[in-house]
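Peer 1: Quick check, what structure comes out for this input:
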Amino acid sequence: MSASRPNVLLLLTDQERADLVAPDGLPVETPNVDRLRAEGMWFESAYTPTSICTSARATLLTGLYPHAHGLLNNSHEADAIRADLPESLPTFGELLAESGYTNTYLGKWHVSNNHTPGDFGFRYFGGSDYHHDNFEVAFEHYRESQGIRVPEADVDDRLYTGSGADGALVAGTDPVPVEASRPYFLAERTINALERWVDDDSPCFHRTDFLGPHHPYVVPEPYASMYDPSEIEPWGNYAETFDGKPRVHEQYLRYRGVEGFDWETWAEAVAKYFGFMTLIDDQIGRVLDALDELGLVEETVVVHTSDHGDLTGSHRLFNKGPMMYEETYRIPLVVRWPGVVEPGSQSTEFVRLQDLMPTFLEWAGVDAPEDLHARSIQPLLRGETPVDWPDSVYAQYHGDEFGLYSQRLVRTDRYKFVYNGPDRNEFYDLAADPHELHNLVDHPAYADVQDDMARRLVGWMDRVDDSLRQWVPTALGS
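Peer 2: The predicted structure follows:
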């Protein structure tokens, strides 16, 4: 296989925690992501730029942090700061298309309300949810072709937040065959897209965005009962008391309607979350098998990652929000690049979701735009670590639903520092406290380390021209 201008297959999930598929992670059956790891490189320290869908996905497209592309929160909500990605910003889809790549896209979009991937360099095959396109109709037609009349289908074993059906649906069992599930449908459409590659003389890029394992964790059998809730151990940070934490954490417990959940209830949800991931993994397996059958493996790079993670009861919390914990900020990332990446290799260097943007461009032989907040990970994939590779990672949060809430994060291999604009800051020693239960921001023994972390944070803000860089150093005393 040539190392230049390969086909690229991006398999992106929605709210997949890194520990679902990490080598030493949770007891979840993911043989196909395991296969990618065995044949490619696993990135142990991959992070999202922000733990919210629209903002993270826009950052992946543009290589810019949210403060620069302007999509600070989810585009479809009533509190959206901006509903659409500015069309003036270059995206990797457009740049790949201009370089001669045939680009296709399937599944979740959630970047602009009034534009689709078709406006950013892709041929869009649809398959998103009702927020973002009209292809729900296509899925309904597909299910009807499987003999399922969707209006009659219902969810069994429903678990809700709050006091019942007035809350949000958290989990349940979909009473349809696997072949009538959305992940199966998306895999089927992905295989159709790959079949087009066989007769295409151009290099090809395809992106499939699965709508899971994001809640509601609603899956068909056998996945719904694949994991026994009674055998799932409580998270190490389920003992969260919120003592010494920003008040917004406990506020979110009530806001999300899970203050009454005990571990037995959470275990039911976690079991479905695990099942959802195994369902998606099986569909990834179908796609990988299709690459084999079509003779495309040696000329195709496969990338699997997620937009961000999911709390799923960690710290007793649901979904995501203004909590910069590892469960939502650390993401899976595995890359299989036949003939170049050493099979079964692993990188511990810090990488970010947006680093894929210039990586895709480098595969295409396209110069990346200037002033990106990202850099290609190809040196790492080749087994080389540049001397100036960052020894920390930086992330942002700007708010969602609950109201605007400025956060900035810097993390090194041992420490994490979180700037909370409206509330007290956070500092964690991850070696001593991997579950992030003890906020040491006021601990005098860590004063010098905190000063160093604050300087690192300000350095990152200067480097990416963060819109808060003028004020935060004063607030931090740096």
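
Peer 1: contacts and neighbour counts: CA atoms only from here.
Peer 2: Fine.

Peer 1: which SS state does Val418 fall under?
Peer 2: Assigned with DSSP: H, G, I helix; E, B strand; the rest coil, Val418 falls in the strand class.

Peer 1: Return the residues in contact with it.
Peer 2: 324, 407-410, 425-427 (Cα atoms under 8 Å, 6 or more residues apart in numbering).

Peer 1: Adding pLDDT, secondary structure and distance to Asp442, write the residues you listed out as CSV.
Peer 2: Listed next are the contacts of Val418 as CSV, based on pLDDT from 0 to 100; DSSP: H, G, I helix; E, B strand; the rest coil; distance: Cα to Cα, whole Å:
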residue, pLDDT, secondary structure, distance to Asp442
Met324, 98, coil, 18
Gln407, 97, strand, 18
Arg408, 98, strand, 18
Leu409, 98, strand, 17
Val410, 98, strand, 18
Asn425, 97, coil, 9
Glu426, 98, strand, 9
Phe427, 98, strand, 9
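
Peer 1: what's the most distant pair in the residues you listed?
Peer 2: Distance extremes for the contacts of Val418: the farthest pair is Gln407 and Phe427 at 13.0 Å, using Cα to Cα.

Peer 1: my guess is Thr385 meets Pro379, correct?
Peer 2: Yes. Counting by Cα atoms under 8 Å, Pro379 is a contact partner of Thr385 at 6.2 Å.

Peer 1: hang on, isn't His315 packed against Lys245?
Peer 2: No. At 11.2 Å, His315 does not count as touching Lys245 under the criterion of Cα under 8 Å.

Peer 1: the more surrounded of those two?
Peer 2: Taking other Cα atoms under 10 Å, His315 and Lys245 do not tie; His315 has more neighbours (24 against 21).

Peer 1: Then that one would be within a helix, right?
Peer 2: Yes. The assignment for His315 is a helix, going by three-state DSSP.

Peer 1: got a pLDDT number for it?
Peer 2: For His315, the model assigns a pLDDT of 98.

Peer 1: where are the low-confidence patches of the chain?
Peer 2: By pLDDT under 70, the low-scoring segments of the chain are 1-3, 128-136, 150-153, 164-165, 478.

Peer 1: what residue lies at the spatial centre of it?
Peer 2: Centroid-nearest residue in the chain, with Cα atoms, centre = their mean: Asp307, separated by 2.0 Å.

Peer 1: in the protein, which spans are helices?
Peer 2: Along the chain, counting by DSSP state H, helices occupy 31-39, 53-62, 66-69, 92-98, 136-145, 182-197, 247-255, 263-293, 326-329, 356-364, 378-381, 447-463, 472-476.

Peer 1: just checking, what packs against the last one?
Peer 2: For helix 472-476, the contact count by 3 or more Cα pairs under 8 Å, 6 or more residues apart in numbering; DSSP states H and E identifies helix 447-463 as packing neighbours.

Peer 1: before we move on, the earlier item: could you check which of Gln407 and Phe427 has the larger neighbour count?
Peer 2: Taking other Cα under 10 Å, Gln407 and Phe427 do not tie; Phe427 has more neighbours (25 against 21).

Peer 1: returning to what we had before: buried subset of the contacts of Val418?
Peer 2: Neighbour counting with 16 or more other Cα atoms under 10 Å marks 324, 407-410, 425-427 as buried within the contacts of Val418.
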